[in-house]
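# Here is the input, now give the coordinates:
(one chain, ligands or ions: 1)
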Amino acid sequence: MKKHNFSAGPSILPQEVFQKASEAILNFNDSGLSLLEISHRSKDFVAVMDEARAIVKRLMNLGDDYEVLYLQGGASLQFLMVPFNLLSVDGKAAYTNTGTWAAGAIKEAKMIGNVDVVATSKEANYSYIPKEFKVGSEYDYFHCTSNNTIFGTQMKEFPKVDTLLVCDMSSDIFSRELDFSQFDLIYAGAQKNMGPAGATLVVVKKSILGKTGRMIPTYLDYSVHIDKESMSNTPPVFAVYASYLTLKHLEENGGIAAAEARNNAKAKLLYDEIDNNPNFQGVAAIEDRSFMNVTFTLTDESKQEAFDAAWKAAGISGLNGHRSVGGYRASIYNAMPIESVQVLVDVMKSI
Ligand code: PMP
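Residues are numbered from 1 along each chain as shown. All right, here's what the predicted structure looks like:
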């Protein structure tokens, strides 16, 4: 039986993507060859890369002033690539510290140059999104994390800053409509809403590059990847192909607007149960609740055994919270059907 997969990532993807990706492993485009054994420079794969990059721009409604790259190294390597490419030798960058991943980004940036943490919610175990801060033009860029996967908080609005706006969107990319042109650089590990682990999406405004006065190692230099159309070295062909299938599926099913409507309905269903069922309480500040990672705890710990047995018996997988938060985390990414959320809600009602 297929499980109801609430895993935080790698995570659920559309079933059609699993089907088509497995067909391509056996016989790619009826070529008699596997996707895994052909050159990344072959016509068929170059077409995949080109289209995967083009779909991102269409979905985000971005023009030719932006470039789309599929790189390796995960979002974690972007923690380093961002300052290498945007932080000038004598400059400084502004960061908000809203969770484990934001803290990771800050740690890496500090190895490259000057970093100011302009706001943090660390003192409250990252249970809210700080909003009272200003970022002036003395900074080379401002970095934020749109969705904090572990703690279950999400930025509902992005600050107006007098510098470049850089965002780690790993865990809520393509989940809601945004004015993507407000960002100068967006990055995301693919393994939540847009494919399997192994590919990392970078969307960057070309005009912001080449201004730091730094020597940038070849792989870390966005301009190199742009010049080579995301083929500077061998790309992660399978991950890019599966990401392409995932984004194509999103586009064919109403795009981001339709995904957002589905995501809102799923989040409402689950948060309503958390708020109305005396056995449960939410972890994140209500106004900052994530619509992707829903964190909650039992109000009475003695019910843990019964609850854990009940959701496992219902075919639910991946519901345990991250060890730094405890409790439960239901990740309800784009591909999660509302029917699976209903199964969880029914289990919550039953204990
Ligand atoms: N940022 C966020 C918001 C994440 O959720 C994660 C991973 N869960 C990362 C960064 C790190 O991503 P990766 O494992 O692709 O390096």
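
# can you tell me which residues contact I12?
N5, Y333, A335, M336 (CB atoms under 8 Å, 6 or more residues apart in numbering). Every C-beta, even on glycine, is put in place using the N, C-alpha and C of the backbone.

# elements contacting the helix or strand L69 falls within?
Applying DSSP states H and E as the criterion places L69 in strand 66-71. Taking 3 or more CB pairs under 8 Å, 6 or more residues apart in numbering; DSSP states H and E as contact, the helices and strands that strand 66-71 lies on are helix 43-60, helix 74-86, strand 200-205, helix 222-227, helix 237-252.

# shouldn't E273 be in contact with M348?
Yes. Counting by CB atoms under 8 Å, M348 is a contact partner of E273 at 5.3 Å.

# quick one: common contacting residues for the two?
F280.

# where does M336 fall, phi/psi-wise?
phi -70, psi 120 (degrees, to the nearest 10).

# Tally up the residues packed near it, please.
Neighbourhood size, M336 [other CB atoms under 10 Å]: 22.

# and the residue lying closest to A8 once chain neighbours are set aside, what does it touch?
Spatial nearest neighbour of A8, excluding adjacent residues (CB to CB, 6 or more residues apart in numbering): S331 at 4.5 Å. Applying CB under 8 Å, 6+ apart, one finds that S331 lies in contact with F6, S7, A8, G9, S11, T149, K192, M292, N293, V294, G318.

# filter those residues to the buried ones?
F6, S7, A8, G9, S11, T149, K192, M292, N293, V294, G318 (16 or more other CB atoms under 10 Å).

# Keep those residues, but drop any that are not near the ligand.
Near the ligand, judged by CB under 6 Å from any ligand atom, the entries from the buried ones among the contacts of S331 are G9, T149.

# Just put the buried ones among the contacts of S331 in a markdown table and tack on secondary structure and pLDDT.
Converted to a markdown table, those look like this (DSSP: H, G, I helix; E, B strand; the rest coil; pLDDT from 0 to 100):
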| residue | secondary structure | pLDDT |
| --- | --- | --- |
| F6 | coil | 98 |
| S7 | coil | 98 |
| A8 | coil | 98 |
| G9 | coil | 96 |
| S11 | coil | 97 |
| T149 | coil | 98 |
| K192 | coil | 98 |
| M292 | coil | 98 |
| N293 | strand | 98 |
| V294 | strand | 98 |
| G318 | coil | 97 |
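
# and which of the buried ones among the contacts of S331 is nearest L209?
K192 (26.5 Å; CB to CB).

# That closest one reaches G74, doesn't it?
No. Judged on CB under 8 Å, K192 makes no contact with G74 at a distance of 11.6 Å.

# so who does whichever residue of the stretch 151-300 of the chain sits closest to the ligand touch?
Distances between the stretch 151-300 of the chain and the ligand by CB to the nearest ligand atom are smallest at G189, namely 2.7 Å. Residues near G189 by CB under 8 Å, 6+ apart: G9, G74, A75, S76, S170, A197, T200.

# where does the second one land on pLDDT?
So the one you mean is G74. Looking at G74, its pLDDT is 98.

# That's all I had, so thanks and see you.
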